[in-house]
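Participant: sequence? don't have it. structure:
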């Protein structure tokens with residue numbers, strides 16, 4: 001992989017980060033909130049560093 005995200009990848013990771021943050025905000029369960037925020041951070045990292053995140057399995 002070239003380390004660059006195409007527009008579909010970019011949109012997908014942005015959407016998933018936003019969704020995970022929304023899920024975290026809506027849940028009353030502290031464990032679920034933590035997991036959703038962790039996933040959001042992983043999507044954010046993929047947006048910031050696509051070359052090191054490629055194939056990370058997220």
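Facilitator: Everything's here; your move. Computed from a prediction, not measured in an experiment: that's the story for all the values here.
Participant: and the helix or strand hosting residue 13, what's its mean pLDDT?
Facilitator: For residue 13, the host element (DSSP states H and E) is helix 7-26. Mean pLDDT, helix 7-26: 97.
Participant: And that helix, what does it pack against?
Facilitator: Here helix 7-26 touches helix 30-48, going by 3 or more Cβ pairs under 8 Å, 6 or more residues apart in numbering; DSSP states H and E. (C-beta placed from N, C-alpha, C; glycine too.)
Participant: Can you list the neighbours in contact with the helix it packs on?
Facilitator: Contact with helix 30-48 is made by 5, 10, 13-14, 16-18, 20-21, 23-24, 27, 53, 56, 58, as judged by Cβ atoms under 8 Å, 6 or more residues apart in numbering.
Participant: Mark which of these are buried, thanks.
Facilitator: 5, 13, 16, 17, 20, 21, 23, 24, 53 (16 or more other Cβ atoms under 10 Å).
Participant: circling back to that earlier point, among the contacts of helix 30-48, which pair sits farthest apart?
Facilitator: Within those, two members stand farthest from each other by Cβ to Cβ: 5 and 27, at 28.5 Å.
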